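*Asks:* Got a predicted model here, sequence first, then my questions.
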Amino acid sequence: MPAYHLQEYWEERYSQSPGLFDWYQGWHGLRPLLEAHADKSAAILQIGCGTSRLAHEMVTLGGYARVANIDYSATVVAHMRALHSGVPGLTYHVADARDMPGVAGDSVDVVLDKGTMDALLCGQCAVDNAARLLLEAHRVLRPGSGVLLVITYGSPDSRLFYF
């Protein structure tokens with residue numbers, strides 16, 4: 001099995017294959033869920049963005065005003081910044097979703113995880129990594145109104161344990 005939980009895996013993958021790719025679902029598949037849980041003016045943070053088209057399509061097709069994206073691969077962040085440099089409201093930053101000191105506490109309306117938790121659950125210290133991701137998401141979400149959207153291939157039985 002690929003080492004999806006390791007930063008080194010992603011650096012190598014994105015160095016060799018920088019093309020756009022959406023894990024699981026793209027804008028058209030997730031649009032109803034996003035529109036039900038995220039206002040167009042919401043401060044949205046996509047964690048582990050990779051080369052996904054989703055954030056770009058949320059802004060350009062969906063009318064969302066602000067989508068910040070993080071990934072711990074500096075290679076992919078540089079690629080996505082260059083690709084979308086002229087798109088207002090779309091930003092990319094190098095950060096680990098388990099430790100985001102560059103994101104202020106209580107500042108995000110929606111944290112969007114599309115496969116990041118699944119990747120972390122593929123490796124060693126899976127429970128600890130999931131807990132760190134969820135604690136950090138909780139730290140940055142606005143109290144009382146923040147929403148964590150987790151898109152996963154895992155069944156509810158296999159994922160709810162972590163929440």
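*Replies:* Thanks, I have the structure now. On a predicted model such as this, the values are computed, not experimentally measured, just so you know.
*Asks:* Quick one: mean pLDDT over the helix or strand hosting H79.
*Replies:* Take DSSP states H and E as the rule and H79 turns out to sit in helix 74-83. For helix 74-83, mean pLDDT rounds to 97.
*Asks:* next SSE after it?
*Replies:* Heading C-terminal from helix 74-83, the first helix or strand you meet, by DSSP H and E, is strand 90-94.
*Asks:* Contacts for that next one, please.
*Replies:* Applying C-beta atoms under 8 Å, 6 or more residues apart in numbering, the contact partners of strand 90-94 are 49, 55-56, 59, 67-74, 77, 80-81, 84, 102. Heads up, the C-betas are built off the backbone N, CA and C, glycines and all.
*Asks:* which of the residues in the helix holding H79 are buried?
*Replies:* 75-77, 79-80, 83 (16 or more other C-beta atoms under 10 Å).
*Asks:* Between the residues you listed, which sits nearest P32?
*Replies:* M80 (25.0 Å; C-beta to C-beta).
*Asks:* Packing partners of the helix or strand where L45 lies?
*Replies:* If you go by DSSP H and E, L45 is part of strand 43-47. Judged by 3 or more C-beta pairs under 8 Å, 6 or more residues apart in numbering; DSSP states H and E, strand 43-47 is in contact with helix 54-60, strand 66-71, strand 110-114, helix 126-140.
*Asks:* Tell me how far the most centrally placed residue in the chain lies from L61.
*Replies:* Taking C-alpha atoms, centre = their mean, the centroid of the chain lies closest to I47, which sits 2.3 Å from it. I47 sits 21 Å away from L61, taking C-beta to C-beta, to the nearest Å as the criterion.
*Asks:* go on, C125?
*Replies:* From C125 to L61 the distance is 38 Å (C-beta to C-beta).
*Asks:* you'd agree D39 is up against D109?
*Replies:* Yes: shown here, D39 and D109 form a contact pair, counting by C-beta atoms under 8 Å, at 7.2 Å.
*Asks:* Those two: which is more packed in?
*Replies:* D109 (18 against 12; other C-beta atoms under 10 Å).
*Asks:* Was I right to think that one contacts K40?
*Replies:* No: here D109 does not reach K40: they are 10.9 Å apart, not a contact under C-beta under 8 Å.
*Asks:* pLDDT-wise, which helix or strand of this structure ranks last?
*Replies:* Least confident helix or strand of the chain, by mean pLDDT, DSSP states H and E, is helix 156-159 with a mean of 88.
*Asks:* now that helix: how far from the chain's centre is it?
*Replies:* With C-alpha atoms, centre = their mean, to the nearest Å as the basis, helix 156-159 stands 19 Å off its chain's centre.
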